[in-house]
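*Asks:* The sequence and its predicted three-dimensional model are supplied below.
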Amino acid sequence: MRFKGLTKGFFLLILFLVTWAFFTILGPYYSAVLWAAILAVIFHPMKNRFRAWLGEKNGLASLLTVLVICLIVFTPLAIIASSLAVEFNVVYTNLQNANTPMPVVLADILQHLPEWARTFLAQHDLDNAADIQRKLSGFALQGGQYLAGSAFLIGRSTFSFAIGFGIMLYLLFFLLKDGAHLVGLILESLPLSKYVKHHLFMKFVAVSRATVKGTVVVAVVQGALGGLAFYFMGIGGSLLWGALMAFLSLIPAVGSAIVWVPAAIYLFASGMLWKGIFLVGFFVVVVGLVDNFLRPLLVGKDTKMPDYLILISTLGGMEIYGINGFVIGPLIAALFIACWNLLSGRDHQGNADEIDEEFIEEGKTPPEL
């Protein structure tokens, strides 16, 4: 005896369980899957141009696109990472061997603090240059011992990163080759109207492209300008600080100020007044202009979201999802707005975004074996 609707309900339960289990399996490599999908979206037009040049050889065009991505994206990152390791080693050695004026400068700054603050620092042996140097050397030594003791964990993390990177490249190739067909299958399975499915997918594509391309461009420009400013001001480890500023520029509105403000204070406290004034002016005017001009132009324009929403969603996304959050946060916010606009009727069949016909036709082509 079968109750009405029991079969359908049981199937939906099975569908939910296997879907949950599938995403659980993908969980350890969600970053690899995410970035493979995002890079496939960004470089899909390049793959189409290669395919046209190669006589519609989709697999060869996809492989060539992956090689180009490795050449223009990952090779420079590897070179920068090796240079950063050298810079970090120099900074670490200088701290450990007391080959830096930082303790003297810090001691001079501390003398201008209120009495209660100087008393507190004196209780913790931080009221003179010798004590500060001893503390910095101790921190450097402890850091080196910690890294040495964590060699196994570091090695395991490096191995996991290498595996994830390999999976990402592997998925990227197949998403470039068969991505249009997979998207077609997914959209066909969704119980939504055609214009709603197309509109949400195009919103995902636009926000992914704008967020990654815009954020990367802003980060590279800010990091390069900041590193050059530090180099000409005679601040050691300019490449290291430039890379740190590029990374911190992922946080809108705050970003590189976390690095250059203490550097400016250091210059003023060292008596290098004009260098400090130049550094402050350079970052406020030039680097600030880059952030205020490029970020809205590259990110806000295509995502069609206000700057404050991009800021909040980026910070919230990074708080929850880590470094991947600078893409996931704005993406969720954009889809949230798109869904509510569809529900309210603000976005409708007459003004919703449509997938271009070339992509639809490509999706109808069966995957190459």
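*Replies:* That came through, no problem. Nothing here was measured: the structure is a model prediction, and the numbers come from that model.

*Asks:* which secondary structure element contains residue 167?
*Replies:* Assigning secondary structure by DSSP states H and E places residue 167 in helix 151-189.

*Asks:* can you check residue 346 too?
*Replies:* Short version, using DSSP H and E: residue 346 is in no helix or strand.

*Asks:* Low-confidence stretches in the stretch 151-300 of the chain?
*Replies:* Within the stretch 151-300 of the chain, the segments meeting pLDDT under 70 span 151-158, 236-237, 251-255, 269-270, 295-300.

*Asks:* quick one, helices of it?
*Replies:* Secondary structure of the stretch 151-300 of the chain by DSSP state H, counting those that start in this stretch: the helices cover 151-189, 194-232, 238-248, 257-269, 273-281, 288-295.

*Asks:* With distance to residue 328 and mean neighbour count as extra columns, can I get these in CSV?
*Replies:* In this view, the C-beta of every residue, glycine as well, is placed from N, C-alpha and C. CSV is the format used below for the helices of the stretch 151-300 of the chain (distance: least, C-beta to C-beta, whole Å; neighbours: other C-beta atoms under 10 Å):
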stretch, distance to residue 328, mean neighbour count
helix 151-189, 16, 15
helix 194-232, 9, 20
helix 238-248, 17, 21
helix 257-269, 22, 18
helix 273-281, 34, 15
helix 288-295, 18, 16
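
*Asks:* Which among those helices is found nearest to residue 356?
*Replies:* When the helices of the stretch 151-300 of the chain are compared by C-beta to C-beta, helix 194-232 sits nearest residue 356, at 9.1 Å.

*Asks:* Show me what the closest one is packed up against.
*Replies:* helix 30-53, helix 151-189, helix 238-248, helix 257-269, helix 288-295, helix 301-303, helix 325-344 (3 or more C-beta pairs under 8 Å, 6 or more residues apart in numbering; DSSP states H and E).

*Asks:* so what's residue 318 up against?
*Replies:* 250, 251, 325, 326, 329 (C-beta atoms under 8 Å, 6 or more residues apart in numbering).

*Asks:* Same check on residue 38?
*Replies:* 208, 212, 327.

*Asks:* quick revisit: residue 350: which of the helices of the stretch 151-300 of the chain is closest?
*Replies:* Closest to residue 350 of these is helix 194-232 (C-beta to C-beta; 8.9 Å).

*Asks:* could you give the angle of that closest one to helix 273-281?
*Replies:* Here helix 194-232 runs at an angle of 170 degrees relative to helix 273-281 (axes from the mean of the first three to the mean of the last three C-alpha atoms, to 10 degrees).

*Asks:* Show me where the stretch 1-150 of the chain dips below the pLDDT cut-off.
*Replies:* Within the stretch 1-150 of the chain, the stretches with pLDDT under 70 are 1-6, 76-77, 80-150.

*Asks:* Try it again at 90.
*Replies:* Of all residues in the stretch 1-150 of the chain, those with pLDDT under 90 make up the ranges 1-16, 19, 23, 25-35, 38-62, 68-150.

*Asks:* mind listing what's buried in stretch 50-61?
*Replies:* Under the neighbour-count criterion of 16 or more other C-beta atoms under 10 Å, stretch 50-61 has 50, 51, 58, 59, 61 buried.
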